[in-house]
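>>> Task: produce atomic coordinates for the following.
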Amino acid sequence: MKYTVVLEPQEEGGFTVQCVEIPGAISQGETREEALANIKEAIELVLDVQREKLYRKTSTARREISKVDVVDVI
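Okay, the predicted model is just below:
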């Protein structure tokens, strides 16, 4: 899958980079190439966290809590 990223050169050197489609996927690097490699890793990490949150939500949503009466049978 391809994502749009924005590279910004920094006054003190290096680059910051963020993914347009995935809020929270932000990184940096000393060179353009390093920044692009780092944003790929950041995107993967954010997507992993989002998948885990979704899994927990759907797992919880399928659970049902109920009370039952048990009668002594002797």
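
>>> need the helices for this structure, in chain order.
Assigned by DSSP state H, the helices in the chain fall at 32-61.

>>> For the residue nearest the centre of it, which residues are in contact?
The chain has Val46 as the residue nearest its centroid, 2.0 Å off, counting by CA atoms, centre = their mean. Residues near Val46 by CB atoms under 8 Å, 6 or more residues apart in numbering: Cys19, Ile22, Gly24, Ala25. Where you see a C-beta, it was placed from the backbone N, CA and C, and this is true even at glycine.

>>> For the closest residue to it other than its chain neighbours, give its distance to Val5.
Excluding the flanking residues, the one nearest Val46 by CB to CB, 6 or more residues apart in numbering is Ala25, at 4.6 Å. Per CB to CB, to the nearest Å, Ala25 is found 8 Å from Val5.

>>> ditto for Tyr55
Tyr55 sits 26 Å away from Val5, going by CB to CB.

>>> One more: Glu52?
23 Å.

>>> what do you get for Gly13?
Counting by CB to CB, the gap from Gly13 to Val5 is 19 Å.

>>> Sort out which residues of stretch 31-49 are buried, please.
Residues of stretch 31-49 classed as buried by neighbour count (16 or more other CB atoms under 10 Å): Ala35, Asn38, Ile39, Ala42, Ile43, Val46.

>>> And the fourth one, how far from Lys53?
In this view, Ala42 and Lys53 are 17 Å apart by CB to CB.

>>> And for the first one?
As for Ala35, its distance to Lys53 is 27 Å (criterion: CB to CB).

>>> repeat for the fifth one
Between Ile43 and Lys53 the distance, using CB to CB, works out to 16 Å.
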